[in-house]
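[1] Provided below are the primary sequence and the corresponding predicted coordinates.
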Amino acid sequence: MAKTKKAFFCKSCGNETPKWLGQCPSCQEWNTLIEEIVVREKDKRQRTSFLENTNKVPVPINEVNSLDVPRMKMPGKEFNRVLGGGLVPGSLVLLGGEPGIGKSTLLLQVAMKLTNRKILYVSGEESLQQIKLRGERLGKLNEKCLLLTETSTQKIFSQIENVKPEVIIIDSIQTLFSAHIDSAPGSISQIRECAGEMLRYAKETNVPVILVGHITKDGNIAGPKILEHMVDTVIYFEGDRNHTYRLLRAIKNRFGSTNELGIFEMTGAGLKEVTDPSKVLTSNYEEDFSGVVPGCVIEGLRPMMIEVQSLVSPAVYGNPQRSATGFDLRRLNMLLAVLEKRCGFKLGIKDVFLNMAGGIKVEDPGLDLAVVIAILSSYTDIALEKGICFAAEIGLSGEVRPVTKLDQRLAEAEKLGYKKIFISKYSSIKPQDYKNIEVIKEGKIEDVFRLLFG
Ligand code: TYD
Ligand code: MG
């Protein structure tokens, strides 16, 4: 009988300590250690001796055979783009996201469309009937896709041995359990062990494995965060569940760029790719509304136009409220402080609400100027003229700063038919190079404000 051992694991980084501590010694987070029972197999940890015989010898780097394996093309441009051009054989991919965002839908859709490979879709969450029903909603069923509802990794591996799939999808890692570890499925030690087994399988057989991992908003349960360092590629599926748009973002990719972004729309028949995001993220109202301003952002490697909506109103109850959907609240507070202190707008006594169209989350600071103008437009209740957009960052002293990939942003604005774009005075773009759009270079928020609202 193996000895029962208790250990404490950090929820945020997975670090293991023998005793409870208030602060994790590895990632310095507070109150993240939780107790779990761990039973280790005897001799699972092999001692390595310095004199052990090994057939691996150091090789000069230029003599290493280069890995020139063709990537498996996945169905759909957006998914391939995020993977860096396709699935690399033998790679372990983690698809993370909040429950209900559409991870199972995305992967089942991939499984239904990948008709030239044998796929094993393992689900620990839904019954075979449920998966089939969902598959039918998504379109034609793919007979090369095998379904398995199993949660024990040892049993999964024995089935894998039988059917020899070319791609394995596991939905989700939180439901798996390995007999080598005694704690409950979903606990940190189980998640680590099961992912470790999948990793070893992928590397040994060269079969790619895609894992689904749930995260919650507050990251309270043992999330896939602790797996991020183990897997080759981490992709996050994000978006607002109440909106239809979903972003697929690569956070880490050992085989490609992490700057890629895929955009999908959730429809009644599954996820549809959005090839022209600017069209769907800006609206064409007949009337003019104050507080509605388009900004040109770069998400991933693509420029897109997104509509910023803001509402500034007198605070009725004590503390003024600040709320931001799709935008960092701390950044909003910073921009409000800049407007108050540097430009003299009395926003401290106002409620400020900010919203990105389509429920999309924007991280690009190039949207700052559009946010500031949206706030000022709502503050003064003057609607912005049509055909004007913005691409600049705001500094702490109220200066308008240049942003990256400005030529691409200008090309996008020009393509969409915008008449004017405001950018930073300090960027190297020459306005005369642009024939179809008027490029206005400014250095201070006050100057932009004066030009627009007089
Ligand atoms: P799901 O893939 O089950 O989410 P996850 O695996 O990330 O938990 O998808 C959940 C939502 O997607 C669900 O609320 C229903 C919706 N949905 C559609 O709108 N259209 C569809 O065709 C499908 C299959 C699901
Ligand atoms: Mg699911």
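    Cool, got the structure. Ligands and ions are numbered 1, 2, ... in the order given.
[2] Each with direction, which strands does the longest strand seen in the chain pair with?
    Secondary structure of the chain per DSSP state E: the longest strand is strand 302-314. Sheet pairing of strand 302-314 (DSSP bridges) gives strand 292-299 (antiparallel), strand 350-356 (antiparallel).
[3] tell me the most buried of the ones you listed?
    strand 292-299 (a mean of 26; mean count of other C-beta atoms under 10 Å). For every residue, glycine as well, the C-beta is placed using N, CA and C.
[4] distance between that one and the chain's centre?
    Computed by C-alpha atoms, centre = their mean, to the nearest Å, the chain-centroid distance of strand 292-299 equals 19 Å.
[5] With only the CA atoms kept, save it in PDB.
    Output in PDB follows, covering the C-alpha atoms of strand 292-299 (Å, rounded to 0.1, in the frame of the first residue of the first chain):
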ATOM      1  CA  VAL A 292     -19.700  56.900 -30.500                       C
ATOM      2  CA  VAL A 293     -16.200  56.900 -32.000                       C
ATOM      3  CA  PRO A 294     -14.300  54.500 -34.300                       C
ATOM      4  CA  GLY A 295     -10.800  53.600 -33.500                       C
ATOM      5  CA  CYS A 296      -8.300  51.600 -35.500                       C
ATOM      6  CA  VAL A 297      -6.600  48.900 -33.600                       C
ATOM      7  CA  ILE A 298      -4.200  46.100 -34.400                       C
ATOM      8  CA  GLU A 299      -5.300  42.800 -32.900                       C
END
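[6] Contacts for stretch 386-394 next, please.
    For stretch 386-394, the external contacting residues (C-beta atoms under 8 Å, 6 or more residues apart in numbering) are 288, 293-297, 305, 335, 338, 365-370, 372-373, 400-403, 406, 409-410, 413, 417-424, 445, 452.
[7] now the longest helix along the chain: mean pLDDT?
    For the chain, the longest helix by residue count, based on DSSP state H, is helix 188-205. Computed over helix 188-205, the mean pLDDT rounds to 91.
[8] And stretch 106-124, end to end?
    For stretch 106-124, the first-to-last residue distance is 16 Å (C-alpha to C-alpha, to the nearest Å).
[9] Can it be said to contact ligand 1?
    No. Under the criterion of C-beta under 6 Å from any ligand atom, stretch 106-124 makes no contact with ligand 1; the nearest approach is 6.8 Å.
[10] Helix or strand with the lowest mean pLDDT in the protein?
    strand 33-39 (a mean of 77; mean pLDDT, DSSP states H and E).
[11] what's the spacing between that one and its chain's center?
    For strand 33-39, the distance to the chain centre is 30 Å (C-alpha atoms, centre = their mean).
[12] Equivalent analysis for stretch 74-90, please.
    Worked out by C-alpha atoms, centre = their mean, stretch 74-90 lies 15 Å from the chain centre.
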